[in-house]
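Asker: Below are the sequence and a predicted model for it; my questions follow.
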Amino acid sequence: MKLQNYINGQLVEPVAGQYIDNYNPATGEVYSCIPDSDEQDVELAVKAAQAAFTAWANTTAEKRGRILMRIADLIDQNLDRLAEAESIDNGKPLKLAKTVDIPRASSNMRFYGTAIQHFASEAHYMEGTEAINYTVRHPHGVAGCISPWNLPLYLFTWKIAPALAAGNCVVAKPSEVTPMTAYLLSEICMEAGLPAGVLNIVHGYGHKVGAAIVSHPKVPVISFTGGTTTGKSIAATAAPMFKKLSLELGGKNPNIIFADCDFDNALYTSVHSSFANQGQICLCGSRIFIERPLYDKFKEAFVEKVKALTVGDPLEDGTKVGAVVSEQHMQKVLSYIELAKEEGGTILAGGHQVQVEGRCAKGWFIAPTIIEGLSAECRTNTEEIFGPVVTLIPFDAEEEVIEYANCTAYGLSATIWTQNLTRAHRVAHQLHSGIVWINTWLLRDLRTPFGGMKSSGVGREGGFEALRFFTEPQNVCVKL
Ligand code: NAD
């Protein structure tokens, strides 16, 4: 299957006619190819977006919302097809794609399709001076949206939906590693009647297509989700051009378990928060800190549960852990397991590649891995691995675990398990994490600000924050 770019309402070949192999990570085989686009394709996309902008910006919020909701309905109607495509493209268990990724993609569309109808600006009446200031929020024009491979359609729509709802036209680039559902979305947008040029999807490599979007002078706003190193290079290009930037970057999230926690809930959820999507969710808790009196009990039960997770064919029902996204990523994760051993870590479970029988014999699988015996400051515990690997670290005091939790350059999310709510709040407020969960994980309300502190990013997505990001406020002062 040959994927195509979606530019000016049409599916088109890349100008240079070059393609990139697209792999199924569960089989290790090429199963489709995607456009190896370059700045010429980005130029066409930007031109189409510019041409569509005035009409789209002047379309009523209600009508824009209605089209987004039609896209949401079509995503729901194509749930099975999209979920299977996501699972094949990414390696994630089909069940996960069906219950999390794809439903969330339609929720994103529906959420912003309705949110824009409730988005209001402010007015400030100046007593004594008899004047009114009111704020108009203008869409920027062409927004650039760049997304990663771990939650492909979920994160792609999380950016596109608010950008479009706010009246921008979009040039978007999905990850070249997982392009399939973005391609299927372009078909859905055509069916939904999204006007030509309002959304343009250009496939290809980050250093070509991504860089061309970021450096394009007619794209004044960039929303990016991906690695911290990529974010740094995007910021270096965009800052001197005075572009507005939203950067959602890497994480190294602490999962803090106090001895008084609801043990079964903490245990069950920690298995999930460690290994869901093969540990390739930016919000996964990769460092588990356990209060010493509970350490041995938790460790024993956790190792037993993790060893029982079925690693295998993502399309099979019983599979809990699918393939990691690429051979290159598998090698990166395995190299971190070697590093952990060099740093003195003990492997309690996993620690190796898994050979799956049958059709997946050449796929890229890693056994869920648990490591103990490392300091909180070592490289294994401070660098992002982004795979099915967690470490266990005991602690004695609250101040100590706060210091451990905060000792990385990242600050995306954190989880706290305790029945003592006073302590839970006290600890939460001292964590340098943009998102804190207490006695739960990954419970998301789309109205809340989403994003990281420190090297985990700049700005917040979610709710009205994203609509503010995708609009330019203008103050108009009227003397009465
Ligand atoms: P990545 O940074 O390699 O790529 C992300 C996207 O950027 C891809 O589409 C890629 O093609 C593009 N890109 C690469 N180089 C570029 C450049 N120079 N200019 C413009 N675009 C470029 O990240 P990845 O490996 O796809 O994703 C994994 C990373 O994403 C992890 O670090 C993970 O923590 C992070 N992530 C963060 C969040 C969050 O919300 N904070 C969510 C998911 C993933």
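Answerer: Received, thanks.

Asker: which outside residues touch stretch 442-449?
Answerer: With CB atoms under 8 Å, 6 or more residues apart in numbering as the test, stretch 442-449 has contacts from 107-108, 111, 272-273, 276, 281, 283, 434, 437, 450, 460-465. Every C-beta, even on glycine, is put in place using the N, C-alpha and C of the backbone.

Asker: Now do the end-to-end distance for that stretch.
Answerer: 14 Å (CA to CA, to the nearest Å).

Asker: Next to the ligand in this structure, residues from the protein, please.
Answerer: Taking CB under 6 Å from any ligand atom, the part of the chain that reaches the ligand is made up of 146-150, 155, 173, 175-176, 205-207, 210-211, 214, 225-227, 230, 233-234, 248-251, 282, 384, 386, 412, 452, 456-457.

Asker: secondary structure element for Pro293?
Answerer: Here Pro293 sits within helix 292-307, counting by DSSP states H and E.

Asker: Mind giving me the packing neighbours of that helix?
Answerer: Packing partners of helix 292-307 (3 or more CB pairs under 8 Å, 6 or more residues apart in numbering; DSSP states H and E): helix 263-275, strand 285-291, strand 346-349, strand 369-372, strand 389-395.

Asker: ok, now with 7 Å
Answerer: helix 263-275, strand 346-349, strand 369-372, strand 389-395 (3 or more CB pairs under 7 Å, 6 or more residues apart in numbering; DSSP states H and E).

Asker: In JSON lines: these, plus mean neighbour count and mean pLDDT.
Answerer: Shown next, in JSON lines, are the helices and strands packed on helix 292-307 (neighbours: other CB atoms under 10 Å; pLDDT from 0 to 100):
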{"stretch": "helix 263-275", "mean neighbour count": "19", "mean pLDDT": "98"}
{"stretch": "strand 346-349", "mean neighbour count": "17", "mean pLDDT": "98"}
{"stretch": "strand 369-372", "mean neighbour count": "24", "mean pLDDT": "98"}
{"stretch": "strand 389-395", "mean neighbour count": "23", "mean pLDDT": "98"}
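
Asker: Pull the residues that contact the helix or strand where Ile67 lies.
Answerer: Ile67 is part of helix 61-77 when elements are defined by DSSP H and E. Outside of helix 61-77, the residues within contact range by CB atoms under 7 Å, 6 or more residues apart in numbering are 82, 102, 105-106, 109-110, 112-114, 116-117, 161, 164-165, 167, 188-189, 191-194.

Asker: Any quick ChimeraX command for the buried ones out of these?
Answerer: Filtering those down to the buried ones (16 or more other CB atoms under 10 Å) takes a single ChimeraX command:
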select :82,102,105,106,109,110,112,113,114,116,161,164,165,167,188,189,192,194
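
Asker: The contacts of helix 61-77 in helices, which ones?
Answerer: 82, 102, 105-106, 109-110, 112-114, 161, 164-165, 188-189, 191-192 (DSSP state H).

Asker: where are the low-confidence patches of the stretch 301-450 of the chain?
Answerer: Within the stretch 301-450 of the chain, no stretch has pLDDT under 70.

Asker: now the helices for it?
Answerer: Ranges of helices in the stretch 301-450 of the chain, per DSSP state H, counting those that start in this stretch, are 327-342, 379-382, 398-405, 421-430.

Asker: okay, these in a markdown table with mean neighbour count next?
Answerer: Listed next are the helices of the stretch 301-450 of the chain as a markdown table, based on neighbours: other CB atoms under 10 Å:
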| stretch | mean neighbour count |
| --- | --- |
| helix 327-342 | 16 |
| helix 379-382 | 18 |
| helix 398-405 | 18 |
| helix 421-430 | 14 |
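
Asker: phi, psi of the residue in the stretch 51-200 of the chain positioned nearest to the ligand?
Answerer: When distances are taken as CB to the nearest ligand atom, the stretch 51-200 of the chain reaches nearest to the ligand at Pro148, 3.1 Å away. Note on Pro148: backbone dihedrals following degrees, to the nearest 10 are phi -100, psi -170.

Asker: just Ser223 next, same as before
Answerer: Dihedral angles phi and psi of Ser223 (degrees, to the nearest 10) take the values phi -110, psi 120.

Asker: Quickly list what it is bridged to.
Answerer: Cys145, Ser246 (DSSP bridges).

Asker: my read: it touches Cys145, true?
Answerer: Yes - contact criterion CB atoms under 7 Å: Ser223 and Cys145 qualify, at 5.0 Å.

Asker: joint contacts of these two?
Answerer: With CB under 7 Å, 6+ apart as the test, Ser223 and Cys145 both reach Lys159, Ala163.

Asker: quick one, which of the two is more surrounded?
Answerer: More neighbours surround Cys145 than the other of Ser223 and Cys145, with 31 against 26 (other CB atoms under 10 Å).

Asker: Look up how far Glu357 lies from Trp56.
Answerer: Distance of Trp56 to Glu357, given as CB to CB, to the nearest Å: 51 Å.

Asker: tell me the contacts of Phe469?
Answerer: With contact taken as CB under 7 Å, 6+ apart, Phe469 is in contact with Ser246, Gly459.

Asker: sorry, back to before: more crowded one of Trp56 and Glu357?
Answerer: Counting neighbours by other CB under 10 Å for Trp56 and for Glu357 shows that Trp56 has the greater number, 22 against 8.

Asker: Does the more buried one lie in a helix or a strand, and which?
Answerer: Using DSSP H and E, Trp56 falls in helix 39-57.

Asker: Between helix 61-77 and that helix, find me the angle.
Answerer: With axes from the mean of the first three to the mean of the last three CA atoms, to 10 degrees applied, the angle from helix 39-57 to helix 61-77 works out at 120 degrees.

Asker: ok so, going back, residues contacting the helix holding Pro293, please?
Answerer: 257, 259, 267, 270-271, 275, 290, 348-349, 368, 370, 392, 394-396.

Asker: buried set for it?
Answerer: By 16+ other CB under 10 Å, the buried positions in helix 292-307 come out as Leu294, Tyr295, Phe298, Lys299, Ala301, Phe302, Val303, Lys305, Val306.

Asker: Put the buried members of the residues of the chain next to the ligand into a PyMOL selection.
Answerer: With 16+ other CB under 10 Å as the criterion, this PyMOL line picks the buried residues out of the residues of the chain next to the ligand:
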select buried, resi 146+147+148+149+150+155+173+175+176+205+206+210+211+214+225+226+227+230+234+248+249+250+251+282+384+386+412+452+456+457
